[in-house]
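Participant: How does the following fold in three dimensions:
(one chain, ligands or ions: 3)
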Amino acid sequence: MNRILEAHFIAPEVKYFRVEAPKVARKRRAGQFVIIRVTGSGERIPLTIADADPEAGWIALIVQGVGKTTRTLNQLQAGDTLHDLAGPLGMPSEIHEYDTAVVVGGGVGTAIAYPTAVALADAGNDVIAIIGGRSREFVILEDEMRAVCTEVYPTTDDGSHGFHGFVTDKLAELIASNPRIDHVVAVGPVPMMHAVADVTRPHGIDTVVSLNPIMVDGTGMCGGCRVSVGGETRFACVDGPEFDAHLVDFELLARRNKTYGAFEHYRNEEFTASEHDRVNPPGSC
Ligand code: FAD
Ligand code: NAD
Ligand code: FES
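Facilitator: Ligands and ions are numbered 1, 2, ... in the order given. From the prediction side, this is the model:
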């Protein structure tokens, strides 16, 4: 059991959790994740370690409620517990010296990109962040990014905050004006990561994406998270989750992520109905 020390929403359906996990906090490195179960009978879901304090013994998780498990998790409060938490899992981000690195976060992907931005900055790199959201309230961790990056560009699809357009539009603009950019890290929706790869490929800029296939065990045993990179099958949980963006088969990833779509939709609807009954019990007006 892992106790939740702090919990609050930072965007619509996106909640920040500080969770007691002393061993994970001591060992984790940027880019790694944990697999948690909210209840003993629930499914196991992967979540990136957004931050950690090894002395105080906590890790931070930032969770977007998209289906039954993440929506159940987002109902928990400080003082509640997670049934179990395993990690740190996956390969840490590779951190080298670059001329200028750009970290691109799309929506909740910014939470996954943030620890890598911190690690790149700690290694002495100039780091530019582009953090996008549908509108102002979906742009997360702007202050935190400003504390570690040399430049931060929020973007919104509707123009309600920062640059008006997709993160990829801002990235293309920056690449055109800054020849020092030689490394890009992108995390977010699959179509966004695909689009980032297409923007950087003609410039030969080294580009890394953090992939989000369906995961089950997180230890390389089940094959659930297999992805195709450079024509080879790789397991995102042990070989990744970060891979060379120019070698990833994004279409296959998008197709595989839809495998259980009908079932996920059914469980999500079931959850919505149970929530409705909880808030409006039979017999209430
Ligand atoms: P489901 O009912 O299982 O799915 C609901 C919707 O989410 C469906 O559209 C489905 O296609 C999609 N989905 C299912 N599994 C995934 C997945 N693995 N990745 C993306 N979409 C998925 N989410 C966060 O909010 N914060 C994080 O820090 C975070 N880190 C992740 C790190 C890794 C290495 C991976 C692989 C995924 C991460 N995710 C993160 C995604 C998160 O694991 C999924 O959103 C979660 O498993 C969905 O479970 P669910 O039961 O709530 O929804
Ligand atoms: P969203 O759909 O609101 O998109 C966020 C931003 O990404 C947009 O504002 C835009 O700037 C950019 N974007 C989206 N589609 C694009 C496209 N086709 N081309 C260029 N840029 C595009 O994001 P959300 O609702 O916060 O969802 C977050 C997504 O991140 C989910 O799809 C989820 O599956 C994914 N995710 C990824 C990981 C990972 O490890 N890679 C982990 C968790 C969630
Ligand atoms: Fe089972 Fe990666 S999640 S092999």
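
Participant: Now do Met108 against Pro213, distance only.
Facilitator: Met isn't right for residue 108; it's Val. For Val108, the distance to Pro213 equals 16 Å [Cβ to Cβ, to the nearest Å]. Placement of C-beta: from N, CA and C, glycine included.

Participant: neighbour-wise, which of those two wins?
Facilitator: With neighbours defined as other Cβ atoms under 10 Å, Val108 and Pro213 compare such that Val108 has more, 27 against 20.

Participant: Show the contacting residues for that one.
Facilitator: Shown in contact with Val108 (Cβ atoms under 8 Å, 6 or more residues apart in numbering): Ala11, Val14, Ile62, Val63, Gln64, Ile140, Gly188.

Participant: The last one contacts Val103, doesn't it?
Facilitator: No - contact criterion Cβ atoms under 8 Å: Gly188 and Val103 do not qualify, at 11.1 Å.

Participant: tell me the SS of the residue of the stretch 101-250 of the chain found nearest ligand 1?
Facilitator: Closest to ligand 1 within the stretch 101-250 of the chain is Asn212: 3.4 Å, counting by Cβ to the nearest ligand atom. At Asn212 the chain is in coil, as set by DSSP: H, G, I helix; E, B strand; the rest coil.

Participant: count of neighbours near it?
Facilitator: So Asn212, with other Cβ under 10 Å, has 23 neighbours.

Participant: That one contacts Asn257, correct?
Facilitator: Yes - if you go by Cβ under 8 Å, Asn212 and Asn257 touch, sitting 7.5 Å apart.

Participant: and for the two, which residues touch both?
Facilitator: Shared contacts of Asn212 and Asn257, defined by Cβ under 8 Å, 6+ apart, comprise Val190.

Participant: Residue numbers of the chain in contact with ligand 1?
Facilitator: Within the chain, the positions near ligand 1 by Cβ under 6 Å from any ligand atom are 33, 43, 45-48, 62-64, 66-70, 108, 111-112, 212-215, 241, 257, 264, 267-268.

Participant: Separate out the buried members of those.
Facilitator: For the residues of the chain next to ligand 1, a neighbour count by 16 or more other Cβ atoms under 10 Å gives the buried set as 33, 45-48, 62-64, 67-70, 108, 111-112, 212-215, 241, 264, 267-268.

Participant: how about low-confidence regions in the stretch 151-285 of the chain?
Facilitator: Counting by pLDDT under 70, the stretch 151-285 of the chain contains low-confidence residues at 259-268, 270-271, 276, 278-279, 281-285.

Participant: Which of the helices or strands spans Thr116?
Facilitator: In this assignment (DSSP states H and E), Thr116 forms part of helix 109-122.

Participant: likewise Ala60?
Facilitator: Ala60 is located in strand 58-64, with elements delineated by DSSP H and E.

Participant: Span of stretch 233-249 from start to end?
Facilitator: Terminal residues of stretch 233-249 are spaced 10 Å apart (Cα to Cα, to the nearest Å).

Participant: Just want the residue of the stretch 51-200 of the chain that's nearest ligand 2.
Facilitator: Ligand 2 sits closest to Gly107 of the stretch 51-200 of the chain, with a gap of 1.8 Å, by Cβ to the nearest ligand atom.

Participant: what's near enough to touch that residue?
Facilitator: Gln64, Gly132, Gly133, Arg134, Phe138, Ile140, Gly188, Pro189.

Participant: out of these, which are buried?
Facilitator: Gln64, Gly132, Gly133, Phe138, Ile140, Gly188.

Participant: Setting aside sequence neighbours, what's the nearest residue to Ile214?
Facilitator: Gly224 (5.5 Å; Cβ to Cβ, 6 or more residues apart in numbering).

Participant: Quick check: Thr39 touching His83?
Facilitator: Yes - the pair Thr39 / His83 is scored as a contact, 5.3 Å apart, by Cβ under 8 Å.

Participant: check contacts around Gly220.
Facilitator: With Cβ under 8 Å, 6+ apart, Gly220 has these contacts: Phe235, Cys237, Val238.

Participant: ok, those residues vs ligand 2, which is closest?
Facilitator: Checking those against ligand 2 with Cβ to the nearest ligand atom, the nearest one is Cys237 at 11.7 Å.

Participant: element containing that closest one?
Facilitator: helix 236-239.

Participant: List only buried entries from the contacts of Gly220.
Facilitator: Buried among the contacts of Gly220 (16+ other Cβ under 10 Å): Phe235, Cys237.

Participant: Sheet-wise, list the partners of the helix or strand harbouring Ala86 with their directions.
Facilitator: Following DSSP H and E, one finds Ala86 within strand 84-89. Looking at strand 84-89 with DSSP bridges, its partner strands are strand 33-37 (antiparallel).
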